[in-house]
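1. Got a sequence here, can you model it:
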Amino acid sequence: MNNVIIACDFASAEQTYGFLDRFTGDKPFVKIGMELFYAEGPDIVRQLKARGHRIFLDLKLHDIPNTVRKAMAVLSRMDVDMVNLHAAGTCDMMRAAVEGLTRPDGTRPILLAVTQLTSTDRERMNSDILIPGEVADCVRHYALCAKQSGLDGVVCSPLEAAMVKQACGKDFLCVTPGIRFADSDKGDQARVTTPAMARQMGSDCIVVGRPITAASDPVAAYRRCCDEFC
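-> Have a look, this model is predicted:
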């Protein structure tokens, strides 16, 4: 069940704790994104760790290498399990992130590079951010850059997971958002699959938000997701 990460995209700690208190028999792996972290700060990380949750801190760092190095050094002291950055920040930035995230004893959280957001399709990528070609080609290139820079894996759509594994090796992690049940609405996502399809395509972990958090019975939705992904 730990390979299903719940995106706790809530506006406050109170909402987050109220939601997670429903999981009386489970301690889900949770994602803390920008909304919650900016609202509550590092204390939300400490409190959720104290409750026994693994944490993916999803802040998508993207800045000059020196700034990212120093920011990652701060995050390394927060005892999170997984962090990320934008691969578009260059290999120099990614290598600086690894340096900053690595603690004096040589340990560090898992570090992932965001390739292309799952809300981005070819038309938006070509016209809005002026990257030509297919989304898959961009994802593959970013994944190779991330591996060469010493990262552990990427955030990508399940649709690109098999390609990333082929290019970077089976141990290179693919953490995939853009997950919807077959009977769910896609919302603002453009590149989506079901949990079962994500597993078949090579995803190591899936990140699931609204199909669980907005469900009438979130615990049942979470367990359904785990069952489909196993």
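2. would T24 count as being in a helix?
-> No - T24 sits outside any helix when classified using DSSP: H, G, I helix; E, B strand; the rest coil, being coil.
3. all helices for the chain, in order.
-> Listed in chain order, the helices found in the chain under DSSP state H are 13-20, 34-40, 42-50, 65-75, 91-101, 122-127, 135-148, 161-168, 195-201, 210-213, 218-229.
4. Export the ones you listed as CSV, with columns for distance to Q116, mean neighbour count and mean pLDDT.
-> Backbone N, C-alpha and C define where each C-beta goes, glycine included. Conversion of these to CSV gives the following (distance: least, Cβ to Cβ, whole Å; neighbours: other Cβ atoms under 10 Å; pLDDT from 0 to 100):
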stretch, distance to Q116, mean neighbour count, mean pLDDT
helix 13-20, 28, 16, 98
helix 34-40, 18, 15, 97
helix 42-50, 27, 15, 97
helix 65-75, 19, 17, 98
helix 91-101, 16, 21, 98
helix 122-127, 6, 14, 94
helix 135-148, 6, 20, 97
helix 161-168, 12, 19, 97
helix 195-201, 16, 20, 96
helix 210-213, 20, 20, 96
helix 218-229, 22, 18, 96
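5. Figure out which of the ones you listed is closest to I6.
-> I6 lies closest to helix 210-213 among those, at 5.5 Å (Cβ to Cβ).
6. Roughly how far does I110 sit from V155?
-> The span separating I110 from V155 equals 11 Å under the rule Cβ to Cβ, to the nearest Å.
7. And the two? Which one has more around it.
-> Here I110 and V155 are compared on neighbour count by other Cβ atoms under 10 Å; more neighbours surround V155, at 30 against 17.
8. in the sheet, who's paired with that one?
-> V114, V175 (DSSP bridges).
9. longest strand in the protein, by residue count?
-> strand 55-61 (DSSP state E).
10. quick check: angle from it to helix 42-50?
-> Counting by axes from the mean of the first three to the mean of the last three Cα atoms, to 10 degrees, strand 55-61 points 150 degrees away from the direction of helix 42-50.
11. any residues touching strand 55-61, and which ones?
-> Applying Cβ atoms under 8 Å, 6 or more residues apart in numbering, the set of residues contacting strand 55-61 from outside is 5, 7, 29-34, 37, 45, 48-49, 68, 71-72, 75, 78, 80-86, 89, 97, 109, 114, 175, 207.
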